[in-house]
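Engineer: Let's see this in three dimensions:
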Amino acid sequence: MPYEAVGTLYKVFPEQQVTERFRKREFIVSIQDGMYVQHVKFTLKQDRCNLIEGYQLGAEVKITFSISGREVQGKDGEPLYFTSLDVWKIEPLKDSPVEEDRYNQFDATDEVPF
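Structural biologist: Next comes the predicted model:
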């Protein structure tokens, strides 16, 4: 089930190679919640790690994501629970500081693969 959040890009962390076949990149978005600001951590996984490229801190963004959770056995035998906000899409909002040509990455000199 997809969810959406709108906020300001607050911090972007470096990409992490977790295992030989799994990589992730996390970032924080500040979301206004009534009188308070919430700093929410989102996760980009695998081929989506580069979706955050070109966005500058302070950019207003809309995030489309899903929620996943899992149970892991702790060292003391008690279960631990983890929740992840897995990003599917990032979109700039009007007048956000985004690198030019963010969506025009096609190189006309590239050969067509068919």
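
Engineer: isn't there a helix covering Cys49?
Structural biologist: Yes: when the secondary structure is assigned by DSSP: H, G, I helix; E, B strand; the rest coil, Cys49 falls within a helix.

Engineer: Number of residues surrounding it?
Structural biologist: The burial count assigned to Cys49 is 17, neighbours taken as other C-beta atoms under 10 Å. Yep, even glycine has a C-beta here, placed from its N, CA and C like the rest.

Engineer: Equivalent analysis for the one 3 residues further on, please.
Structural biologist: Ile52 sits with 20 neighbouring residues when counted by other C-beta under 10 Å.

Engineer: Double-check it against Ile28; I have them as touching.
Structural biologist: No: counting by C-beta atoms under 8 Å, Ile52 does not reach Ile28; the two are 11.0 Å apart.

Engineer: and for these two, which residues touch both?
Structural biologist: Taking C-beta atoms under 8 Å, 6 or more residues apart in numbering as the contact rule, Ile52 and Ile28 both touch Leu9, Val12.

Engineer: Contact partners for Glu71?
Structural biologist: Applying C-beta under 8 Å, 6+ apart, the residues near Glu71 are Pro79, Leu80, Tyr81.

Engineer: Arg70 is in contact with the first one, correct?
Structural biologist: Going back to what we said before, that points to Pro79. No: taking contacts as C-beta under 8 Å, Pro79 lies outside contact range of Arg70: 10.0 Å.

Engineer: And the next helix or strand past the helix or strand that contains Phe42?
Structural biologist: Phe42 is part of strand 36-45 when elements are defined by DSSP states H and E. For strand 36-45, the succeeding helix or strand toward the C-terminus, using DSSP H and E, is strand 60-73.
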